[in-house]
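[1] How does the following fold in three dimensions:
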Amino acid sequence: QVQLQESGPGLVKPSQTLSLTCTVSGGSITTNYYYWSWIRQPPGKGLEWMGAIAYTGSTYYSPSLKSRTSISRDTSKNRFTLQLSSVTPEDTAVYYCARDKNPVVTTRGAYWGQGTQVTVSS
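    Down below sits the predicted model:
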């Protein structure tokens with residue numbers, strides 16, 4: 001059974017770079033045809049897909065966040081990382097990582113992490 005676990009700081013200051021890691025167990029991030037996404041949910045709002053990294057290592061980004069987002073992976077540790085630069089309080093959200101057969105994830109599926117709260121505040 002594939003399991004995903006987000007980790008990272010819960011508090012980030014404005015203008016800094018948010019960095020989160022998703023550690024995967026029970027399956028490899030290089031397994032054919034799977035995409036590994038980051039999704040967030042600001043308080044009182046819906047899910048927002050941020051981007052994904054494919055089993056090939058190719059990356060896909062939301063146009064609205066592309067200029068500030070970078071997703072990478074470490075296949076030796078079976079994990080992938082989100083970096084979001086120049087954060088503002090509007091980036092405060094619960095951040096999730098997920099596995100899907102599509103690069104864009106808009107609804108909650110079977111293979112999601114539990115989520116991690118990130119607050120942007122000075």
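
[2] Contacts made by stretch 74-84 with the rest, please.
    Stretch 74-84 has contacts (CB atoms under 8 Å, 6 or more residues apart in numbering) with 17-25, 28-30, 36, 38, 50-51, 53, 65, 68-73, 91, 95, 97. In short, each C-beta sits where N, CA and C put it, glycine included.

[3] Sticking with residue 22, tell me its helix or strand.
    strand 18-25 (DSSP states H and E).

[4] Packing partners of that strand?
    Packing partners of strand 18-25 (3 or more CB pairs under 8 Å, 6 or more residues apart in numbering; DSSP states H and E): strand 3-7, strand 35-41, strand 79-84, strand 93-100, strand 116-120.

[5] do you know which of the ones you listed lies nearest residue 61?
    Among the helices and strands packed on strand 18-25, the nearest to residue 61 by CB to CB is strand 35-41 (9.7 Å).

[6] just to revisit the earlier point, out of the helices and strands packed on strand 18-25, which is closest to residue 109?
    Minimum separation from residue 109 across the helices and strands packed on strand 18-25 (CB to CB) falls at strand 93-100, 5.8 Å.

[7] okay, the angle between that closest one and strand 35-41?
    Strand 93-100 and strand 35-41 are oriented at 160 degrees to each other (axes from the mean of the first three to the mean of the last three CA atoms, to 10 degrees).
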